[in-house]
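**Q** predicted model, plus sequence, below.
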Amino acid sequence: MKVTKLRTTTKLQSQMLDYILRVVDSKGKVVEAWRFQGYSGHSMWDEETFFKRKFPKSEGYSINW
């Protein structure tokens, strides 16, 4: 498994066992983007939980992957 921080302008899309997680602010701007290679969908739920704590919805952030 490998995790890589990406540029926020990346055009990569998630695929099975190769997920792109994006943190988006309330204006629709990508704040952070990360690539998780070799992760299962279940592992990505754990990662999403971590990012949701770091970037809470109450402060206008959303997480997508």
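**A** Sure thing, it's come through.
**Q** could I get the average pLDDT for stretch 45-63?
**A** Average pLDDT, stretch 45-63: 96.
**Q** can you offset everything so residue one is 61?
**A** Will do, 61 is the new start, and the previous item becomes stretch 105-123.
**Q** chain center to stretch 91-98: distance?
**A** 5 Å (C-alpha atoms, centre = their mean, to the nearest Å).
**Q** can you list contacts of that stretch?
**A** The contact list for stretch 91-98 (C-beta atoms under 8 Å, 6 or more residues apart in numbering) reads 61-68, 70, 72, 77-85, 103-104, 107, 115, 121. Every C-beta, even on glycine, is put in place using the N, C-alpha and C of the backbone.
**Q** the same query, at a cut-off of 10 Å, please.
**A** Identification of contacts with stretch 91-98 by C-beta atoms under 10 Å, 6 or more residues apart in numbering yields 61-70, 72, 74-75, 77-85, 103-104, 107, 111, 114-115, 121, 123, 125.
**Q** in helices, which of those residues fall?
**A** Secondary structure from DSSP state H places 103, 104, 107, 111, 114 of these in helices.
**Q** those residues, buried ones only, as a PyMOL selection?
**A** Filtering those down to the buried ones (16 or more other C-beta atoms under 10 Å) takes a single PyMOL command:
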select buried, resi 104+107+111
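**Q** could the ones in helices among the contacts of stretch 91-98 go into TSV alongside distance to residue 92?
**A** Formatted as TSV, the ones in helices among the contacts of stretch 91-98 follow (distance: C-beta to C-beta, whole Å):
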residue	distance to residue 92
103	18
104	15
107	12
111	8
114	9
